[in-house]
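> 3D model of this:
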Amino acid sequence: FNHEEKDFEEFCSLNENFRKESTSALTYAGFMIPVIVSLSYLNYAVSACVGGIFTIKGIMDLGSLSAYLVYVRQSAMPLNQFTQQINFLLSALSGAERIFDMMDEEPEIDEGNITLCNVRRNEDNSLSECEEKTGIFAWKVPENNTYKYVELKGDVRFDNVVFGYTPEKTILNKISLYAKPGQKIAFVGSTGAGKTTIVNLINRFYEISSGTIYYDGIDIRRIKKDDLRHSLSMVIQDTHLFTGTIADNIRYGNLSATDEEVRQAAIIANADSFINRLPDGYDTMLYSDGSNLSQGQRQLLAIARAAVSKPPVLILDEATSALDNTTELLIQNALDELCKGRTTIVVAHRLSTIRNSDEIMVISEGQIKEKGTHEELIRENGAYKILYDLQFRDSETHEEQKLAEQLKIVN
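As a prediction, this is how the structure comes out:
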């Protein structure tokens, strides 16, 4: 943005201030040691002279003077050693300020006492907690000095939820919705309408102002945050990968997953083909947040990570935003397969990715303006129809441009 000169001036100013402070600190540290050592030797010399005079006058004997001078010498040694360490102490104090700032931060509120546990289904269809992994999970709800087990199904409901990042401005205003187990619901709307905010509230990244969010009939404020987030799987626009192999990055969604399960997850995400083309395949090392892969490939790995975790609730927040149209079409069927039997919440701008949703909700100004299936909303001829026509028209224009270019080449 042609801002180099101004940035360079600011850098030089900061650099000069840092130089002055560093010079002062080093000067202080450099003076301290010789000054303290000189004072200790001066103290020793004065004590020896005064003690010699006292010995000559018979006030004290020579043995007492020798012992006293030894004490004077020994008392100076700890002071000299402390002076040598004072520079490290000053550095530690500057670091301690940052630590204390972190310690002064308000802790995240987590008043929940309901946890997630492995259960087995008994012959009478009741649930009981167990150590082995059965693939069945339940909420462990304290009740009358005992526990009640509520099977984890993925039923999410909002009841008159009001939320604002600041008290002065409300983002969501009395939102009520439900997502039954196995349903796929989608949120569409303009940027800043509150679509991603709804997703963040399900995870309890923020606390709602009023209303209630229920998860399997339980107020999510009663569920421990760690357990709540373990029951969800998210694929968001910003993909984060770790230093390690591709297999390890996929397995991060389920640390106990086998190599075959990792590969099957990659096949579902349509990532297996490009992984096999890499020199080391699934053992290829990733560095710096996956910088040796394209953005689309990183997003495919994020989808594979979600697939291997096999969650009851799957959240897709612009999960295909970094993919080209061809790749998007290839993985759309895979995503549909992944969503089967799971409650799926989709935030999307590309309406082509949500046409098969059980319910589509149009969010505007913090409220649900329209909801229904794709066909129902098209018939209503409202906001969704306008969004759909705009995208469809843009798509037609793009195709016309491509056709015109091809005709030019032919002519």
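
> the bottom helix or strand of this protein by mean pLDDT?
helix 383-410 (a mean of 58; mean pLDDT, DSSP states H and E).

> Just want the most central residue of this structure.
H240 (8.5 Å; Cα atoms, centre = their mean).

> ok, it to R298 distance?
Counting by Cβ to Cβ, to the nearest Å, the gap from H240 to R298 is 9 Å. C-beta here means a position set from N, CA and C on the backbone, and glycine is covered the same way.

> quick revisit: distance-wise, check the residue nearest to the centre of the chain relative to V346.
Noted for H240: a distance of 20 Å to V346, by Cβ to Cβ.

> coming back round to it: hang on, the residue nearest to the centre of the chain in a strand?
No: applying DSSP: H, G, I helix; E, B strand; the rest coil, one finds H240 to be coil, outside a strand.

> So the nearest residue to it once chain neighbours are set aside, which state does it fall into?
Leaving aside its sequence neighbours, H240 sits nearest to D289 (Cβ to Cβ, 6 or more residues apart in numbering; 6.1 Å). Secondary structure state of D289, per three-state DSSP, is coil.

> The residue nearest to M60 when sequence neighbours are not counted: neighbour count?
Leaving out its chain neighbours, the residue that sits closest to M60 by Cβ to Cβ, 6+ apart is F54, at 4.7 Å. For F54, the neighbour count with other Cβ atoms under 10 Å is 15.

> which stretch of helix or strand covers F54?
Element membership for F54 (DSSP states H and E) is helix 4-56.

> Packing partners of that helix?
Applying 3 or more Cβ pairs under 8 Å, 6 or more residues apart in numbering; DSSP states H and E, we find helix 4-56 packed against helix 62-103.

> Can you name the next helix or strand after the helix it packs on?
Next along from helix 62-103, by DSSP H and E: strand 115-121.

> Which strands border that next one, and is each parallel or antiparallel?
Strands that pair with strand 115-121, judged by DSSP bridges, come out as strand 127-129 (antiparallel), strand 137-143 (antiparallel).

> Contacts made by that strand with the rest, please.
127-134, 136-140, 149, 151-152, 223-224, 227-228, 230-231 (Cβ atoms under 8 Å, 6 or more residues apart in numbering).

> Swap in 10 Å and give it another go.
126-142, 147, 149-152, 223-224, 226-231 (Cβ atoms under 10 Å, 6 or more residues apart in numbering).

> I'd like the average pLDDT over stretch 124-131.
For stretch 124-131, mean pLDDT rounds to 86.

> For that stretch, measure first residue to last.
20 Å (Cα to Cα, to the nearest Å).

> in the stretch 301-411 of the chain, which spans are helices?
Assigned by DSSP state H, counting those that start in this stretch, the stretch 301-411 of the chain shows helices spanning 325-339, 374-380, 383-410.

> can you pull the contacts of the nearest residue to Y287 once chain neighbours are set aside?
Nearest non-adjacent residue to Y287, counting by Cβ to Cβ, 6+ apart: T243, 5.6 Å away. T243 makes contact with 249, 285-290 under the criterion Cβ under 10 Å, 6+ apart.

> where's T197, which helix or strand?
Per DSSP H and E, T197 falls inside helix 195-202.

> What residues sit buried inside that helix?
Buried residues in helix 195-202, defined by neighbour count with 16 or more other Cβ atoms under 10 Å: 195-199, 201-202.

> with those in mind, which one is nearest to E380?
K195 (19.5 Å; Cβ to Cβ).

> quick one on the thing from earlier: select, out of the strands paired with strand 115-121, the one closest to D61.
strand 137-143 (80.2 Å).

> which residues are in contact with that closest one?
So strand 137-143 is contacted by 113-121, 127-129, 147-153, 215-218, 222-224, 227-228, 230-231, 311-312 (Cβ under 10 Å, 6+ apart).

> How many residues are close by E105?
7.

> Can you check the pLDDT for it?
87.

> Okay, strands next: where are they in the stretch 151-300 of the chain?
All strands of the stretch 151-300 of the chain, identified by DSSP state E, counting those that start in this stretch, fall at 156-163, 172-179, 184-188, 210-215, 218-219, 232-235, 244-245, 285-286.

> So which of the ones you listed is nearest F100?
Closest of those to F100 is strand 156-163, at 31.8 Å (criterion: Cβ to Cβ).

> Mind listing what's buried along that closest one?
Under the neighbour-count criterion of 16+ other Cβ under 10 Å, strand 156-163 has 156-158, 161, 163 buried.

> now, which of these sits nearest H3?
F163 (36.9 Å).

> What's the separation between the closest one and I175?
F163 is 8 Å from I175, by Cβ to Cβ.

> so what's in contact with these two at the same time?
Jointly contacting F163 and I175 under the rule Cβ under 10 Å, 6+ apart are 194, 197-198, 201, 208, 211, 213, 366.

> Going by distance to C339, which of the residues you listed wins?
I198 (17.9 Å).

> Please verify my assumption that D358 contacts P181.
No: between D358 and P181 there is no contact under Cβ atoms under 10 Å: 11.4 Å.

> In contact with L377, which residues are there?
Residues counted as contacts of L377 (Cβ under 10 Å, 6+ apart) are 188, 351, 359-362, 370-371, 383-385, 387-388.

> Check those for burial and list the buried ones.
188, 351, 359-362, 370-371, 383-384, 387-388.

> Including distance to Q85, could those residues go into TSV?
What follows is the buried ones among the contacts of L377, written out as TSV (distance: Cβ to Cβ, whole Å):
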residue	distance to Q85
V188	63
L351	66
E359	67
I360	67
M361	64
V362	66
E370	69
K371	68
A383	69
Y384	69
L387	67
Y388	71
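
> from these, which single one is nearest E21?
The shortest approach to E21 among those belongs to V188, at 53.3 Å (Cβ to Cβ).

> Give me the distance between the nearest residue to that closest one once chain neighbours are set aside and I175.
Once flanking residues are discounted, V188 sits nearest to V362: 5.6 Å by Cβ to Cβ, 6+ apart. Look at V362 and I175: by Cβ to Cβ, they are 13 Å apart.
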